[in-house]
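A.B. asks: Build me a model from this:
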Amino acid sequence: MRRILMVVLLVLVCVQVASADDWDRKTAFSINQPVRIPGKVVLPAGSYVIKRADPAMDPSLVRITDPTETKVYATLFGIPVELRNLAETTRLIFGESPRGSLEPLSAWYYPGVMGLEFPNTESEQNHSQSSN
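C.D. replies: Next up is the predicted model:
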């Protein structure tokens, strides 16, 4: 019984950390170190929301905000990608970076649908290296 209770509590904690909404694919997430996103923006460690900005107009346009959605950190286009096996859970993928550089946000996958990749340009990578 005690083991079942611990599993239920673990599941409840995980749902709060990475909750998602189907219409706009709103996903709440937290990071424990700074991350670079396209547009030369650095997200400090903390909590954020990523979602489709206007699903009816362009499903590849996404917005990253604070948890209350009052501060917009970035509005950017993702490149739709198909996965061989669709994601079963919401996933944010962070790319590799040269030593001393911030990891870039590379992709966002929502359960059961195509994902979006976020390419980072060479100039953004150089900017990230020179800021450290």
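
A.B. asks: who does the most centrally placed residue in the chain bridge with?
C.D. replies: Centroid-nearest residue in the chain: L92, 4.4 Å away (criterion: CA atoms, centre = their mean). Beta bridges link L92 to W108, judged by DSSP bridges.

A.B. asks: so what's it up against?
C.D. replies: Applying CB atoms under 8 Å, 6 or more residues apart in numbering to L92 gives the contacts 27, 29, 50, 105, 107-109. Every C-beta, even on glycine, is put in place using the N, C-alpha and C of the backbone.

A.B. asks: tell me which of the residues you listed is nearest to S97?
C.D. replies: L105 (11.1 Å; CB to CB).

A.B. asks: Please work out the average pLDDT along the helix or strand that contains the closest one.
C.D. replies: L105 belongs to strand 103-109 when assigned by DSSP states H and E. Across strand 103-109, pLDDT averages out at 91.

A.B. asks: what sits up against it?
C.D. replies: Here strand 103-109 has contacts from 27, 33, 35-38, 43, 50, 62, 78, 81, 83, 87, 90-97, 115-118, 120, 124-125, 128, using CB under 8 Å, 6+ apart.

A.B. asks: next SSE after it?
C.D. replies: Next along from strand 103-109, by DSSP H and E: strand 115-117.

A.B. asks: got the residue ranges for the helices in the chain?
C.D. replies: Ranges of helices in the chain, per DSSP state H, are 2-17, 122-130.

A.B. asks: what would the contacts of L92 look like in CSV with distance to Y73?
C.D. replies: CSV is the format used below for the contacts of L92 (distance: CB to CB, whole Å):
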residue, distance to Y73
T27, 14
F29, 12
I50, 10
L105, 11
A107, 17
W108, 14
Y109, 20
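
A.B. asks: Can you add neighbour count and distance to P67 and give those residues back as JSON lines?
C.D. replies: Formatted as JSON lines, the contacts of L92 follow (neighbours: other CB atoms under 10 Å; distance: CB to CB, whole Å):
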{"residue": "T27", "neighbour count": "21", "distance to P67": "11"}
{"residue": "F29", "neighbour count": "20", "distance to P67": "10"}
{"residue": "I50", "neighbour count": "26", "distance to P67": "11"}
{"residue": "L105", "neighbour count": "25", "distance to P67": "17"}
{"residue": "A107", "neighbour count": "19", "distance to P67": "21"}
{"residue": "W108", "neighbour count": "23", "distance to P67": "17"}
{"residue": "Y109", "neighbour count": "22", "distance to P67": "21"}
